[in-house]
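A.B. asks: Any chance you can model this:
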Amino acid sequence: MSIPSARPKMTFIPDIQSTPDRRQIAIDRVGIKGIRHPVCITDKSVGVQHTIATFNMYVGLPHHFKGTHMSRFVAILNRDARELSVESFEPMLREMVERLEAKSGRLEMRFPYFIRKTAPVSGVKSLMDYDTSFIGVLDETGRHDFTIRVVVPVTSLCPCSKEISAYGAHNQRSHVTVTATTPEHVWIEEIVEWVESRASCEIYALLKRPDEKYVTERAYDNPRFVEDMVRDVALTLDADPRISAYTIESENFESIHNHSAYALIERDKKST
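C.D. replies: Residues are numbered from 1 along each chain as shown. Prediction:
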């Protein structure tokens, strides 16, 4: 018969992170990067979408603290099953700042978001993934800013090439990135639609031959410079009162050059 071992005695473990630092230098961001965690994202069509996100979690460290408590960031992610959306992102960020005893914080979440698309002629359905990020910032006054970033792949066909060529025109895949700061809810699907409707043609994961004919001719009939795409998307964001600031970038991965064409528009609507 074995005798249960005595319970280990509680010993004092020093908290080095909370000890004073005499260099008197505050740190703008300290925390963890690149931690992956399953999340639920609100989906416009089916309600909830399950995906995996990569998190970056930071707080501002006052000058008198030696370090922050890194394990608390992980504990916040693992506290319970989280359904993350614009509405739930701010409470999570405020919880992080409070538990880390900080005055400011930044929470970044990057994830693939899937939208079911229907081919234009055959009607076959497939999933397209869009690189999406949620970014929340809480400053020392307690003000919260939420930003959503979506990378939308599209087709662009060169107007100049079409004009000067006897037949055909060069076209390429482009990435249009919309980074929008908004105090209200904006669907990821909305941002995707804004961009795709301004491109030469949208992109699909699965196409049959009649669909390939359609998208090729659609792009040819709808040529767009990289400048056209950022300007057209900017008009939409300017007109939407939910967007307080934005950055629009378009990068065309040129098919006849060994470089990309690029354009950017950045605007803070609050200052105008």
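A.B. asks: any idea where the strands of the stretch 1-150 of the chain begin and end?
C.D. replies: Listed from the start of the chain, the stretch 1-150 of the chain has strands (DSSP state E, counting those that start in this stretch) covering 27-43, 47-61, 83-84, 105-118, 125-138, 144-157.
A.B. asks: Going by mean pLDDT, which of those strands comes out lowest?
C.D. replies: Ranked on mean pLDDT, the bottom entry among the strands of the stretch 1-150 of the chain is strand 83-84, at a mean of 62.
A.B. asks: what's the offset of stretch 94-113 from the middle of its chain?
C.D. replies: Relative to the chain's own centre, stretch 94-113 is displaced by 15 Å; criterion: Cα atoms, centre = their mean, to the nearest Å.
A.B. asks: One more: stretch 182-202?
C.D. replies: Once both centres are worked out by Cα atoms, centre = their mean, stretch 182-202 turns out to sit 13 Å from its chain's centre.
A.B. asks: Now it: average pLDDT?
C.D. replies: Rounded to a whole number, the mean pLDDT of stretch 182-202 is 95.
A.B. asks: would you turn the strands of the stretch 1-150 of the chain into a markdown table with distance to residue 180 and mean neighbour count?
C.D. replies: Bear in mind the C-beta positions are built from the backbone N, C-alpha and C, glycine included. Putting these into a markdown table (distance: least, Cβ to Cβ, whole Å; neighbours: other Cβ atoms under 10 Å) gives the following:
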| stretch | distance to residue 180 | mean neighbour count |
| --- | --- | --- |
| strand 27-43 | 16 | 15 |
| strand 47-61 | 19 | 18 |
| strand 83-84 | 17 | 16 |
| strand 105-118 | 15 | 19 |
| strand 125-138 | 10 | 18 |
| strand 144-157 | 6 | 21 |
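A.B. asks: Adding distance to residue 213 as columns, could you present those strands in CSV?
C.D. replies: CSV is the format used below for the strands of the stretch 1-150 of the chain (distance: least, Cβ to Cβ, whole Å):
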stretch, distance to residue 213
strand 27-43, 31
strand 47-61, 32
strand 83-84, 40
strand 105-118, 16
strand 125-138, 18
strand 144-157, 14
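A.B. asks: Among those, which comes closest to residue 229?
C.D. replies: Between residue 229 and these, the shortest gap by Cβ to Cβ is with strand 144-157, which sits at 6.6 Å.
A.B. asks: Any buried residues in the helix or strand following that closest one, and which?
C.D. replies: Helices and strands here follow DSSP states H and E; after strand 144-157, the next one along the chain is helix 159-164. Across helix 159-164, burial judged by 16 or more other Cβ atoms under 10 Å covers residue 162.
A.B. asks: What distance do you get for residue 28 to residue 62?
C.D. replies: From residue 28 over to residue 62 the distance is 11 Å, taken as Cβ to Cβ, to the nearest Å.
A.B. asks: For residue 216, what are phi and psi?
C.D. replies: Taking degrees, to the nearest 10, you get phi -60, psi -50 for the backbone angles of residue 216.
A.B. asks: Near it, how many other residues are there?
C.D. replies: Each residue near residue 216 was counted by other Cβ atoms under 10 Å, and the total is 14.
A.B. asks: just checking, residue 201 touches residue 221?
C.D. replies: No - contact between residue 201 and residue 221 fails when scored by Cβ atoms under 8 Å: they sit 9.1 Å apart.
A.B. asks: out of the two, which sits in the more crowded spot?
C.D. replies: When residue 201 and residue 221 are compared for neighbours, residue 201 comes out ahead with 22 against 11, by other Cβ under 10 Å.
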